[in-house]
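> Structure, please.
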Amino acid sequence: MKKRSRICLLLTGGLLMLSISAHAATLKGKTTVSAGTVSNVKVMAYPAELLTFNEPPPHVSAATAGDGFFSLELPEGRYYLFAKGEQLSAYYGRNPITVPEEGLEDVNLLMAPDNLPGPLEGTALEAGVVGRVSLAGEPVSNAIVTVYPDLSSQLKGMGLGMAAPTDQQGYFELPLSSGTYYLVVRVRQSGQMAGPLKAGDLFGYLPGNPLTLKEGALYRVHVPLIEVPEKVDRHASSMFGNTLVTGQVLDPKGQPVAGVQVLLYDDSMMLNRPLFVSQKTGPDGRYQLSFPKGGHYYLAARNELGGTPAPGESYGRYQGSPDHSIDIETGRVLEGIEIVVDEVY
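This is a model prediction of the structure:
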């Protein structure tokens, strides 16, 4: 049920009652580990507009009981979700997510240890960060550690830079100068460097984020990973909001193209990082792209993400308007949007 807040203003000559609607939405889910649910955990939410997590969260749930269930009342909007328990924490891998007016249910926050020791071996690195990456206590190789200076990119994309892939011991090095940084780790089974995570991929968020480095100091950290569950993969098409574009990706002969992602931009050149990216198309070439707000956007499709389209890549822009754009209202579904891709020469 919608709730309303009421503000009273005392003005000269009388009392003015100013009623401001604040739709409350309910976020529900569970906090879990591989062995089951976790009790005594609080779930926290930060508005997606923030650029740092330095301040206390404005929204905090009651502690979970033995069933791990949590419920959190929020104004409808976009949020980063966290969970904090005893020596366990979670950063929701699909952050930030949209909480619509009707609420959001079945959110599973997978907890990971937040007190693991950093590597002890010697290093030639004099300043910056050395670290270890693990899954269920075992080291993970070929993990990509990405560094971000703040939340302006929503901790997505290439960030400031990346460490070399972790070795067989899950070890990595990051030469960094003084400053504040966020460290995020991803392992994509497809081997791609960019794009939405899929079921079976691995994700990690440094529990100590944001990490503040002093000049000339060396920091030792440990990033635990979680596996992206199949359930997140199933709900990914609507995870980012109730405004949808659906359709099909075709080749020049009108045949469906598999393995292509549709990208939504707010700039006509479509050269910057896309706002939202769909899952890869299946054999029927069909896609569904979700996002929180309507507006004037631009559409393209490609089978590789990152950088400009390279020779041999499948790439195309929406041809239903002269400037490759669409207009859509918040909460509406725009269906039958076809995008033709062709090989780049």
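> got the buried residues for stretch 36-52?
Within stretch 36-52, the residues scored as buried using 16 or more other Cβ atoms under 10 Å are T37, V38, V41, K42, V43, M44, A45, Y46, A48, L50. In this view, the C-beta of every residue, glycine as well, is placed from N, C-alpha and C.
> Could you tell me the end-to-end distance of that stretch?
Taking Cα to Cα, to the nearest Å, stretch 36-52 runs 31 Å from one end to the other.
> again, but for stretch 334-345
End-to-end distance of stretch 334-345 (Cα to Cα): 31 Å.
> State the mean pLDDT of it.
Stretch 334-345 shows a mean pLDDT of 92.
> Likewise for stretch 145-160?
Average pLDDT, stretch 145-160: 90.
> residues making contact with that stretch?
Applying Cβ atoms under 8 Å, 6 or more residues apart in numbering, the contact partners of stretch 145-160 are 48, 50-53, 80, 95-96, 131, 133, 161-163, 166, 172, 174, 176, 179-186, 193-194, 205, 223, 273, 306.
> buried subset of the residues you listed?
Judged by 16+ other Cβ under 10 Å, buried ones among these: 48, 50, 53, 80, 95-96, 131, 133, 162-163, 166, 172, 174, 176, 181-186, 194, 205, 223.
> Just the ones of the residues you listed in strands?
The strands, defined by DSSP state E, take in 80, 131, 133, 162, 172, 174, 181-186, 205, 223 from the buried ones among the contacts of stretch 145-160.
> any chance of the residues you listed in a markdown table, plus distance to E105?
Below are those laid out as a markdown table (distance: Cβ to Cβ, whole Å):
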| residue | distance to E105 |
| --- | --- |
| Y80 | 18 |
| G131 | 35 |
| V133 | 32 |
| M162 | 35 |
| F172 | 37 |
| L174 | 38 |
| Y181 | 34 |
| Y182 | 29 |
| L183 | 31 |
| V184 | 26 |
| V185 | 28 |
| R186 | 27 |
| Y205 | 23 |
| V223 | 29 |
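> Go through these and name the one nearest S61.
Using Cβ to Cβ, Y80 comes nearest to S61 of those, at 14.2 Å.
> residue boundaries of the strands in the stretch 101-250 of the chain?
In the stretch 101-250 of the chain, the strands defined using DSSP state E, counting those that start in this stretch lie at 104-110, 112-113, 128-135, 138-139, 144-148, 161-162, 171-174, 179-187, 202-205, 211-213, 218-227, 243-250.
> Tell me the buried residues in stretch 154-170?
L155, K156, G159, M162, A163, T166, G170.
> how about the fifth one, what does it touch?
Spelled out, it's A163. A163 is in contact with I144, V145, V147, F172, E173, L174, counting by Cβ under 8 Å, 6+ apart.
> hang on, the earlier thing: what's the most distant pair in the buried residues of stretch 154-170?
K156 and G170 (22.8 Å).
> related to what we said a few turns ago, of all the buried residues of stretch 154-170, which comes closest to E86?
Proximity of the buried residues of stretch 154-170 to E86, judged by Cβ to Cβ, is greatest for G170, which lies at 24.5 Å.
> wait, the closest one sits on G137?
No: look at G170 against G137 with Cβ atoms under 8 Å: they stay out of range, at 10.6 Å.
> Check the ones in strands among the buried ones among the contacts of stretch 145-160 and tell me the two furthest apart.
Maximum distance among those (Cβ to Cβ): 24.2 Å, for Y80 and F172.
> Run through this protein and note the low-pLDDT ranges.
Applying pLDDT under 70 to the chain flags the ranges 1-23, 195, 230-241.
> now do 80
By pLDDT under 80, the weakly predicted segments of the chain are 1-23, 34-35, 190-199, 229-242, 272, 292, 306-307.
> mind giving me the domain ranges of it?
Domain assignment of the chain by automatic domain parsing yields the ranges 24-41+52-106, 128-232, 240-343.
> Including distance to G118, could those domains go into a markdown table?
Below are the domains of the chain laid out as a markdown table (distance: least, Cβ to Cβ, whole Å):
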| stretch | distance to G118 |
| --- | --- |
| domain 24-41+52-106 | 16 |
| domain 128-232 | 3 |
| domain 240-343 | 30 |
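> closest to A112 out of these?
Closest approach to A112 among those (Cβ to Cβ): domain 128-232, 3.9 Å.
> For the closest one, what is the distance to the chain centroid?
Here domain 128-232 is found 14 Å from its chain centre; the criterion is Cα atoms, centre = their mean, to the nearest Å.
> same question, stretch 98-117
With Cα atoms, centre = their mean, you get 12 Å for stretch 98-117.
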